[in-house]
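Colleague: Structure of the sequence below:
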Amino acid sequence: MKLWEDFKAWRRGERRIKGAVRGRCFEPIEPSAPSNGAHVAQSKSTPRLVGIKVIRKDGTTEEIL
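Modeller: Sure thing, here's the model as predicted:
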């Protein structure tokens, strides 16, 4: 199981801490760099409502802008 745990840690971008035998003892491979750029916010925009189209059960539609 240790080999499988090491493989899963490698996929997460981690490695086992030397001397660790029990428990989840992993550290990031490059602790100074972010592991995934997708988690970094690209801009500081505020969300706003653009529009909603509501289709009711009886078939009527309503657009809220």
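
Colleague: Doesn't Lys53 belong to a strand?
Modeller: Yes: with DSSP: H, G, I helix; E, B strand; the rest coil as the criterion, Lys53 is assigned to a strand.

Colleague: That one: what's it in contact with?
Modeller: 61-64 (CB atoms under 8 Å, 6 or more residues apart in numbering). For the C-beta atoms, the positions are set from N, CA and C on the backbone; glycine is no exception.

Colleague: switch to 7 Å and redo it
Modeller: 61, 63 (CB atoms under 7 Å, 6 or more residues apart in numbering).

Colleague: Quick check: the gap between it and Gly13.
Modeller: 41 Å (CB to CB, to the nearest Å).

Colleague: and Arg16, what are its bridge partners?
Modeller: Bridge pairing for Arg16 (DSSP bridges) gives the partners Phe26.

Colleague: Pretty sure it sits against Asp6.
Modeller: Yes: using CB atoms under 7 Å, Arg16 is in contact with Asp6, at 5.9 Å.
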